Each structure stands twice: as C-alpha cells, then as structure tokens.
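In: Pasted the sequence and its predicted model underneath.
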Amino acid sequence: MKAKRLYLTFFILSILMIGEIRAQVLLDIDGDVAQKVALTMAELNHLPMQQYVVTGEHHDTITYDVIQLTHVLALAGVPTKDQLKGEELQKIVVVTAGDGYKVVFSLPELDPKTEGGAVLLAIGQAGKPLNKQVGPLQIIAPNDRLHSRWVREARHIDILYSTH
Amino acid sequence: MKRPILQFVGTKSLVFMLLLGGTVAISFRQQVDSPKRYPFVYPASFGNNYMVPSSNVTTEEGVQLGRMLFYETRLSANNTISCANCHKQEYAFADNRRQSVGHDGSLTTRNAMALVNLLWVKQFFWDGRVKGLEEQAVFPLTDPHEMGQALEESVEKLQQTAEYPTLFKAAFGTDVTAKGIVRTLAQFERTLISASSRYDRFLNGEYLPDSSEKRGMDLFTTANCAHCHGGPKMYKELFHNNGFDISRIDPGRSAFTGRQEDKGRFRVATLRNIALTSPYMHDGRFATLREVLDHYSDHIQPSETLSPFLTDHDGNSRLLRLTSQEKTDIIAFLQLLTDSTFITNPLFSNPFNVN
C-alpha cells in the first residue's frame, strides 16, 4: 500500500516536472531535419551572440541581442553555409508565431553573402529579455523593408521541401 | 463452306478478347459507380491555401451524405438534436444563443462558431486545439453534454436504417463506419463557401458602396481592424487575447498549449456574415456589433497577454476611441459582408424538410 502511494507520488511529481521542463521550451524545430529539437533559452544562450541595433518607430534606439538563425537551425542538423547545396537549396523555412502568424524564408536566403543581410533570432534586448509584445524570441530579417517577416513571439520552425 | 470463327481467330485469341472485354466492362462499371469528385468553386482571390486530406477526398456522394448527417438527429443520444441545432443556416451556421443547448439540456461553455469558409481553416474550435475537420467533428458528436453519443452507437443506428447503408456504399464503398460519419460531415462542411456578398460584388466592380459603407471600409483599414481580420476572405488564422478581464475569462488557448502566454487567447473570427452571427466573442458576451465596437473603442483591458496589436508603446490598451458615427460606418461596412445566397442556398439546407 505504502509502495503504491509512493509510486503515485513519484508519478505525479514526474508529470509536474515534465510540465515544468516543457514550459521552458521556447522554440521547436521540426520537419525535414536530421533531429527535431525543442530549445530552451539556456540552449540558445550557448550560441554565438552579437548585437543588432535598429531605430524604433518612435525614433528610439533598440539594441537587440541576436544569434544567427543558421546557427539555431544547425542544432537540428539543417545544412547551412558550405553544406548548403544540391537538393538542400530547395528547402523552405516556415516560421510560426505564438498567435499563428506564419512566414516563409528560403533556406539559402538565411545566410546571404551580403554583409548584414543574414536572418537573425533576437533573444534579448541590451542584456534583458525581450518585452512581451515581441518576445521572448523574435525573428529579425534585416532586408525586409516592411518588417513583415520580423516574426514576434517566434515559436515553431518547420523545414520543408518546396514541392512545386 | 462457312468457317467457324474459332478457326479464324484461334481459341487463345478468343479467350484473350473475352478476358479483355470483361476487364474493360468491369473498369467501366467501376468508373460509373465510383464517387464523383466535388468541384470547389470560389473566387481566385481566396487563394488555394488549403489542404483536403488525401484520405478524405471531397465527392458529390460524400457531400450529399454529409449534408444529411449534418441534419440527422439520430446522431444524438436521445435522437433530438443534430449539428444543425447549434449551427443554423439562417445565422450563417452559428447559434443565436450565447451558449448552445446539448441533448441533455446542459449549456456549452463557449459560443458556437459560424461555419463559413472552413475549407481554409486549419485549426478548429475557439482555441484551435484540433487540426482538421474530421477530428473536429468527433467532439460535438461524442461530448456527453453536446450530442452525447459514441460513434459506435451512431454507426449501429444508421446501419439499421433503410437509406444510410446504401448512401455510405455510394460515398465510401463500405457499410456505415465511424470514420465514414466524420469524413462525410467534414466533406459537407468544406463546401460551406460564402463568397457572394455585396462586398464581393464591390471587389468585382459590380457594386458601389454608399458613403457610410465607404467610410466604414476606410476605417476598417485605418483603425487597424484589417490587421487581424483583413484580406478577401476577411479571415486570417490568428489567435489573440482581445482584452477581456483576463482573471475572469476561460484560459483559452493556454488550456491545451500549457503556455502562460496563451492565456485568454482565442481564434480571430471570420467577419464573413458577421452581421448574422450574433452573439459575439467566445462566450457570446456581446449581443450586437455596436457592443463589439464599444469594446474595441473604449473597454479593452490591459493584461500580460493582451494582443500586441491592441497594446500601445507604454504597455497600455490601445483603444480605438471611435465616434458614434464611425461605429455606425464600420457596422455599415460589416453588413456588406452578409451573403444572403449562403443562408438560403438549398444545397446547404435541411434535406429532411419537405416544404
């Protein structure tokens, strides 16, 4: 009886712990990848970080803490940079936000030759978490004139082959 | 002397020709009997961003059967209600009650959604918890407080009727099955396309809006309504917290995603036929479009998960502060989206009504 109760407690605690761990997952990478990954902020923080400065709509200066999206995708085994050739060039990257907003990039365009054109993932703002209106993760696509693909609250990335 | 035909063509050749003829006849018969693909008709501007599952191709026979089952009370525990009890054609397949009444007299927790242009919807219910119409149909059919009947029991009831076994055979080539029931309902629901409103005629250059409708149309864009509701379908698959008192509302999308950021997030509803689908919001709290606009104008509640599009730079609610005339104008525009052919289309109506 005692063992049964202990087992039940352990079972409930495990579920609660799994729930806690899942709650920390901020970004899933799925689809045609070598391994599907669910990334936490701690894992993202291990990637090479840089700063990206923009002028906000109220003419204020915003300094984003960013990582290159290609580095994030590499965690799922997505070929980038020099490995990106052949059929891999037909892949598309679908980014979905928490509110369901969806945009597409082509895999090759994430890492253009043009200086400063690489697509980025913002994970903070001047050392602090991004504000809740755009965070915790936001895509930054420097070459997007209207910022239409600056996906707020980016949550899922699917890598797919363009079939047409 | 007449030569027997066998001598002329040879026995083997004759057998071959008979076999070939038989095969052609069988395949011709199969072609005649196999379900006919249903052609979806919609404006090019709606786009083709939809996917019908390959396991449930839409066919004329499937749609016809689905229409019957949509109005079939035998799918409920006490044979009293059908899908159409909560999704009434005259209200663009919404319910005119805040909460719908189940077979046992209990009330649903949320307002019944309008069934309009579902072909382009990928995530169903107010919280988007289900992907695909087939899976969606299972919930109201089997929920103990909605139609309250296990699919197996529905199969048994329908199998005992004179008409349904034949109709299932024609649609799926099988007896009545649980899969067939939800598939055929999904097929019918995919055909509920609404694209013949005055707004559509305006888009085609066949209707000139009056001054109030025109002002409303402009305001719809400048007041940023279009950000979540825009496009030719007047629908985008988005989920937002639109500013109700978050401590008192149901958890919305967070109940199934488990994410705090989704608290109070619900589907952004289509505005097609919106003038017909009162009451409004996930809980049917607003009886009129005027009350809806009053909310966006003056009463959005700030919260941790309030939509960023309803939040200002300082984190406060971004209130539209509309004048009375502006509200009147926006409502005039929204009324352009009413499609009277949709709510009177005999192909969508109750097939058991004899008049």
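Out: Nice, thanks for sending it over. Numbering: from 1, shown residues only, chains lettered A, B, ... in the order given.

In: what number of residues lie near the closest residue to chain B within chain A?
Out: Proximity of chain A to chain B (Cβ to the nearest Cβ) peaks at A:Gln133, 3.9 Å away. Quick note: C-beta positions are derived from backbone N, CA and C, even for glycine. Using other Cβ atoms under 10 Å in any protein chain shown, A:Gln133 is surrounded by 16 other residues.

In: OK, now which residue of the stretch 201-350 of chain B is nearest to chain A?
Out: Closest point on the stretch 201-350 of chain B to chain A, by Cβ to the nearest Cβ, is B:Pro308, at 3.9 Å.

In: Find the nearest non-adjacent residue to that residue, please.
Out: In space, and not counting its chain neighbours, B:Pro308 is closest to A:Gln133: 3.9 Å by Cβ to Cβ, 6 or more residues apart in numbering or on different chains.

In: Give the helix, strand or coil label for the residue of chain A closest to chain B.
Out: At A:Gln133 the chain is in coil, as set by DSSP: H, G, I helix; E, B strand; the rest coil.

In: Might you report the residue contacts of the residue nearest to B:Pro308?
Out: A:152, B:308, B:311, B:315 (Cβ atoms under 8 Å, 6 or more residues apart in numbering or on different chains).

In: can you tell me which residues contact the second one?
Out: Right, B:Pro308. A:133-134, A:152.

In: Of those, just say which sits nearest to A:Glu88.
Out: Lowest distance from A:Glu88 to the contacts of B:Pro308 (Cβ to Cβ) belongs to A:Arg152, with 28.4 Å.

In: which one is that closest one nearest to, not counting chain neighbours?
Out: Using Cβ to Cβ, 6+ apart, the nearest residue to A:Arg152 is A:Val134, at 4.4 Å.

In: again, but for A:Asp65
Out: Using Cβ to Cβ, 6+ apart and skipping the chain neighbours, the partner closest in space to A:Asp65 is A:Gly124 (3.7 Å).

In: Give me the three-state assignment for the one you found.
Out: A:Gly124 - assigned by three-state DSSP - is strand.

In: just the helices in the stretch 101-250 of chain B please.
Out: B:133-142, B:151-159, B:164-172, B:178-190, B:198-203, B:211-222, B:226-229 (DSSP state H, counting those that start in this stretch).

In: Pick the most deeply packed of those.
Out: helix B:178-190 (a mean of 24; mean count of other Cβ atoms under 10 Å in any protein chain shown).

In: could you pull out the helices for chain A?
Out: A:2-24, A:41-45, A:69-74 (DSSP state H).

In: Mean pLDDT lowest where, among those?
Out: Mean pLDDT values for these show the minimum at helix A:2-24, a mean of 49.

In: about what we covered before: let's have the helices of the stretch 101-250 of chain B in a markdown table, adding distance to chain A and mean pLDDT.
Out: As requested, the helices of the stretch 101-250 of chain B are exported to a markdown table (distance: least, Cβ to the nearest Cβ, whole Å; pLDDT from 0 to 100):
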| stretch | distance to chain A | mean pLDDT |
| --- | --- | --- |
| helix B:133-142 | 16 | 97 |
| helix B:151-159 | 29 | 97 |
| helix B:164-172 | 28 | 97 |
| helix B:178-190 | 20 | 98 |
| helix B:198-203 | 23 | 96 |
| helix B:211-222 | 15 | 96 |
| helix B:226-229 | 9 | 93 |
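
In: And those helices: which comes nearest B:Asp283?
Out: So among these, helix B:133-142 is nearest, using Cβ to Cβ, at 17.4 Å.

In: Quick one: residues in contact with that closest one.
Out: B:53, B:56, B:75, B:83, B:86, B:118, B:121, B:124-125, B:130, B:146-151, B:154, B:181-183, B:185-186, B:189-190.
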